[in-house]
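Engineer: predicted model follows, preceded by the sequence.
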Amino acid sequence: MNLARENANEWHATPSSPGERLRVAVLCSDDPHHEYLVSRIARELNLVGVVVEPGAAQQRRLWARRAWLDAVARAYQVRRQRYTGRSAYRRRYFAPLTAGEVWPADRVRYVDWVNSAQARAYLEDVRPDVTVVCGTTYLRSATIAAGGLMINIHGGFLPHYKGNHCVFFAFLRKDYQRIGASLHLVAGKLDGGELLEVVRPEIRPQDNDQHLYDRSVQLAIDRLVEILTVFEMGDSVLRTVPQEDTGETFRHRSRKPHLDLWVWLRRRLGLAKVPHLPREQSPISCLVPRAARHDEAR
C-alpha cells in the first residue's frame with residue numbers, strides 16, 4: 001500500500017495491487033480496553049504486529065528514573081481503581097466484547113519500554129502503514145518514525161482535555177458536552193497532534209466517570225476501525241485538522257483523593273444531577289471522497 005501525505009493535511013492510500021490492505025500495527029498496554037482494541041483490529045483489518053508495554057513495566061520505569069512524585073501518583077491511581085471496584089467494572093464491561101477471541105501470539109511482542117530498540121526493530125520489521133497507539137508512555141521521535149501514519153486513541157475531549165484522567169476532570173467540572181475520546185496523529189507534543197475526530201458517548205443520569213471513560217474509548221476504537229476500513233479502499237482522502245493551542249493537561253498527580261471524595265459526596269447528597277445527553281452519530285468528517293476533493297480544487 002502506498003501511503004502519502006499531500007497538501008499538508010491530507011493522507012492518500014493507493015493500493016499497489018487489487019485487494020491490497022493497509023498493514024496495521026498496535027502499540028498499547030495491557031488493560032481490558034487494549035485487549036478490545038487489538039481484537040477489533042485483528043478481526044476487521046490487516047493486523048501485522050502488536051507491541052505491548054505492560055502497566056507494571058511503566059511503573060517500574062518511573063521508579064528506575066527516580067521520578068518519585070509521578071511514581072507514587074501512578075501507584076495510588078492503580079490501587080484506587082482496584083479498591084473502588086473500577087478495575088473490575090472495566091473488566092466486566094469489555095469481557096463480553098472480546099469473549100472467545102485470542103490475541104495472535106505470533107504477532108505480539110512484550111517490551112519494558114515502548115521506545116526501546118526492541119520495539120523499534122519490531123516495527124521496522126513488520127513495516128506498518130498505520131500504527132494505532134493507546135495507553136503507552138510518551139513516544140520518542142525514533143519510535144514515531146518507525147510507525148508510518150501513527151494515530152493515538154486519547155481518552156479525553158481534545159483540545160480541551162489533554163493528558164490523564166480527562167473524562168474525570170470534565171465530569172468533575174460538569175462539563176458534560178466535553179466528555180468523550182479523540183483520534184489524533186501522534187506528534188512530539190503530548191496529545192497535541194492533528195485531529196481526525198472526537199466522539200462523544202451517550203450520557204445517562206446514573207453514569208459516573210468510569211462508565212463514561214470506558215464507553216468513550218470503545219466508541220473511539222469502533223470509529224477508528226470504521227475509518228481505516230473505508231480509507232484502505234483507496235477511494236477516500238484522510239484529512240486532519242490542526243489542534244487549537246488551548247485546554248489543560250492533567251497528570252496522574254492531578255487527580256487527588258479529595259477530588260474523588262467530592263464527586264462521590266455530591267452524588268450521595270444529591271448536589272449534582274447528571275443530564276441525559278444522547279450520543280451524537282455524525283458522519284465521518286475526516287474522510288473525503290476523492291471525487292469530492294477534485295471538485296473542491298476546481
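Structural biologist: Done, it's in. Numbers count the residues shown, from 1 in each chain.
Engineer: how much space between the closest residue to residue 138 other than its chain neighbours and residue 234?
Structural biologist: Sequence neighbours aside, residue 190 is the residue nearest to residue 138 in space, at 6.6 Å (criterion: Cβ to Cβ, 6 or more residues apart in numbering). All C-beta atoms are positioned from the backbone trio N, CA, C, and that covers glycine. The spacing between residue 190 and residue 234, counted by Cβ to Cβ, to the nearest Å, is 32 Å.
Engineer: buried ones in stretch 279-292, by neighbour count?
Structural biologist: 286, 287 (16 or more other Cβ atoms under 10 Å).
Engineer: give me the contact list for that stretch.
Structural biologist: 183, 196-197, 200-202, 219, 223, 226-227, 230-231, 235-241 (Cβ atoms under 8 Å, 6 or more residues apart in numbering).
Engineer: quick check, pLDDT for the residue nearest to residue 138.
Structural biologist: The score at residue 190 is 87. That number is its pLDDT.
Engineer: same check on residue 291?
Structural biologist: pLDDT, residue 291: 69.
Engineer: and stretch 100-111, how far out from the chain middle?
Structural biologist: 19 Å (Cα atoms, centre = their mean, to the nearest Å).
Engineer: which residues are contacting that stretch?
Structural biologist: 35, 38-39, 42-43, 47-54, 57, 118-119, 122, 126.
Engineer: quick one: neighbours of residue 79, just the number.
Structural biologist: 11 (other Cβ atoms under 10 Å).
Engineer: try residue 242
Structural biologist: Neighbours around residue 242, by other Cβ under 10 Å: 13.
Engineer: surely it touches residue 9?
Structural biologist: Yes - applying Cβ atoms under 8 Å, one finds residue 242 in contact with residue 9, separated by 7.4 Å.
Engineer: need the overlap of contacts for those two.
Structural biologist: In contact with both residue 242 and residue 9: residue 194, using Cβ under 8 Å, 6+ apart.
Engineer: one step back: out of the contacts of stretch 100-111, which are buried?
Structural biologist: Buried among the contacts of stretch 100-111 (16+ other Cβ under 10 Å): 35, 38-39, 42, 47-54, 57, 119, 122, 126.
Engineer: before we move on, back to that, drop anything exposed from the contacts of stretch 279-292.
Structural biologist: Buried members of the contacts of stretch 279-292, scored by 16+ other Cβ under 10 Å, are 183, 196-197, 200-201, 219, 223, 227, 231, 236-240.
Engineer: quick one, what contacts residue 47?
Structural biologist: So residue 47 contacts 24, 25, 26, 38, 41, 104, 107 (Cβ under 8 Å, 6+ apart).
Engineer: now the fourth one: which helix or strand?
Structural biologist: With secondary structure defined by DSSP states H and E, residue 38 is part of helix 32-44.
Engineer: picking that back up, please flag which of the contacts of stretch 279-292 sit within helices.
Structural biologist: 219, 223, 226, 227, 230, 231 (DSSP state H).
Engineer: the stretch 151-298 of the chain: helices as residue ranges?
Structural biologist: 166-172, 209-231, 257-268, 290-297 (DSSP state H, counting those that start in this stretch).
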